[in-house]
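Engineer: Structure of the sequence below:
(one chain, ligands or ions: 2)
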Amino acid sequence: MRATDEGGADLVQLLTPEGERVRHPDFDIDITPEELRGLYRDMVLVRRVDREANALQRKGQLGLWVPLLGQEAAQIGAGRALKPQDQVFPSYREHGVAWCRDIPPVDLLSIFRGTDNCAWDPIKHKFHPYTIVIGNQVLNATGYAMGQRFDGKVGDPDGEATICFFGDGATSQGDVHEGFVWAAVYDAPVVFYCQNNQWAISEPTERQSRLPLYHRARGYGFPGIRVDGNDVLACLAVSRWALEECRNGNGPVLIEAFTYRMDAHTTSDDPSRYRLSEELEVWKLKDPIERVKVHLVKQQWADQDFFDSVEAESEQVAIELRDKCVNLPDPSAESIFGNVYAEGNPVLEAQRDEFLAYHAGFAGGEH
Ligand SMILES: Cc1ncc(C[n+]2csc(CCOP(=O)(O)OP(=O)(O)O)c2C)c(N)n1
Ligand SMILES: [Mg+2]
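Structural biologist: Ligands and ions are numbered 1, 2, ... in the order given. This next block holds a predicted model:
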C-alpha cells in the first residue's frame, strides 16, 4: 500500500464529491439544514479571506501568504467540532480554524505584513500563535494536554481537550514522534490532526512514509483514523468523536485528513515545477465547497437567495479585510522585545536600549 493511497474502505466519508450523503457505521452524524448552511457559509467566507490575502500579497501589501485553498473542509470541520474550553495549537496555515476561534482575519494578515508576531490573545481565544518551525507545536500541545490531565480537567463530557494541527511533512520531524510518545504514555487528551495535502513543499508523502500516515498511530498505541479531508461533515464527525474521546480521558487520537491544496505551498513557491497539472484537475472535482452546495440544492435546504447572500457577505468581508490590512499601524521599534520573558530581563533590556538608541540616530527618530 502506498502512503498516498486514498484509504479505500478506511476513508471516512459522509458526503461524496457528487454531493450524495452516505452513511458510516461508526462516525455518522445528524445535521440540520441550518447547521449545513452554516458550514457552507464558513467555508465560503474563509476561502474569500484566503483569496483576498493571496491577492494582497501579489499587490505587495503582504510579504508572504500561506494559501489554504482546498483545505476549507478539513479546517472548518475540525474547528466547528471544538468546544469553548478546548485548546488549539496551529501550524501556519490554520486560517479556517482561526475563523472558528473568532480571530479577526486581519490578525492573521498582520503576521505576514510584518506588523505583529501574534495579534490575537492566545489565552483568550485558546488558539496559540502560528508556528513556522515544522512540528514544534506538537510538543507544545502534548505538554499542554499533559497539564490538562494532571490538573484533572479530563474525565467527563464537560472536560477539556487539545487539538494540534500539522502537515504530512511534519510527521517526518522528530518533534512529532516525541510528542506522540509522550502523549501516549501519559494518556494526554490531545487530538493530533494531520492535514495530508500529499506534499511537503516539493516532497510527496510516498517519499516520507511507506504506510498511510494514519497507520502510524498504531505503533504508538492510539487510534488513527483517515477521513476525507474535503468532506466537512466527515471532518466534523470524526473530530467531534476524537475530542470526546480525549475529554473522557481516552486520548490521544490521530486524525489524518486526506486532502489537497489547490494552490502553492506559499506565495514564494511554484508548484508547477514539481506537481502535475492533471493532479490539480482531479482534485478540483473534489472541491469541498461545491459538494456541500450540490447537497444543499438537492435537498432543497437552500435557495438562490441564500447563495447570493453568502456571496454578498463574502464580498463585504474582503472589502473590510483590504481596508484593515493596508491601514495596519507600523509597530514601534521596541515592540520586537515585548512578550519574550514574563518578567524583566537585564540582557534583553540592554539590547533594547541599544537598538532604540540606534534607531533614534536616524532622521525622524525612532521610526
Ligand atoms: C524545522 C523546519 N524545517 C524546515 C522548515 C521549512 N519548511 C517550511 S514548510 C515545510 C514543509 C511542510 O510540509 P507539511 O508539514 O506537509 O505542511 P504543509 O505546508 O504541506 O501544510 C518545510 C520543510 C521549517 N519551517 N521548519
Ligand atoms: Mg503537506
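Engineer: any chance you could map the strands in the stretch 151-300 of the chain?
Structural biologist: 162-167, 190-196, 199-200, 203-204, 224-228, 253-258 (DSSP state E, counting those that start in this stretch).
Engineer: Show residues contacting stretch 274-286.
Structural biologist: Here stretch 274-286 makes contact (CB atoms under 8 Å, 6 or more residues apart in numbering) with 17, 70, 199, 202, 230, 260, 262. In short, each C-beta sits where N, CA and C put it, glycine included.
Engineer: what do you get for stretch 19-34?
Structural biologist: With CB under 8 Å, 6+ apart, stretch 19-34 has contacts from 12-16, 225, 227, 233-234, 236-238, 240-241, 290-299, 301-302.
Engineer: Test my guess that residue 217 contacts residue 211.
Structural biologist: No: applying CB atoms under 8 Å as the test, residue 217 and residue 211 come out as separate, 10.4 Å apart.
Engineer: Have a look at those two and say which one is more surrounded.
Structural biologist: Counted by other CB atoms under 10 Å, residue 217 and residue 211 do not tie: residue 217 has more neighbours, with 21 against 14.
Engineer: Domain ranges for the chain, per the record?
Structural biologist: For the chain, the domain assignment from automatic domain parsing gives the residue ranges 8-326, 332-367.
Engineer: Give the closest residue to the residue of the stretch 1-150 of the chain found nearest ligand 1 in space, chain neighbours not counted.
Structural biologist: Residue nearest to ligand 1 within the stretch 1-150 of the chain (CB to the nearest ligand atom): residue 134, separated by 3.7 Å. Leaving aside its chain neighbours, residue 134 sits nearest to residue 170 (4.9 Å; criterion: CB to CB, 6 or more residues apart in numbering).
Engineer: quick one, what contacts the one you found?
Structural biologist: With CB under 8 Å, 6+ apart, residue 170 has these contacts: 91, 134-135, 138, 176, 194, 200.
Engineer: try 10 Å
Structural biologist: Neighbour list for residue 170: 91, 131, 133-138, 164, 176, 192, 194-195, 200, 208 [criterion: CB atoms under 10 Å, 6 or more residues apart in numbering].
Engineer: Taking those together, which two end up most distant?
Structural biologist: Spanning the widest gap among the contacts of residue 170 are 131 and 208, at 19.6 Å by CB to CB.
Engineer: Helices of the chain, start to end?
Structural biologist: Counting by DSSP state H, the chain has these helices, from start to end: 33-58, 72-79, 95-100, 105-113, 122-125, 136-150, 174-185, 216-220, 232-247, 277-284, 288-298, 304-326, 346-360.
Engineer: average model confidence for the shortest one?
Structural biologist: Per-residue pLDDT values across helix 122-125 average out to 97.
Engineer: by contact count, what packs against that helix?
Structural biologist: Where contact means 3 or more CB pairs under 10 Å, 6 or more residues apart in numbering; DSSP states H and E, helix 122-125 is packed against strand 87-89.
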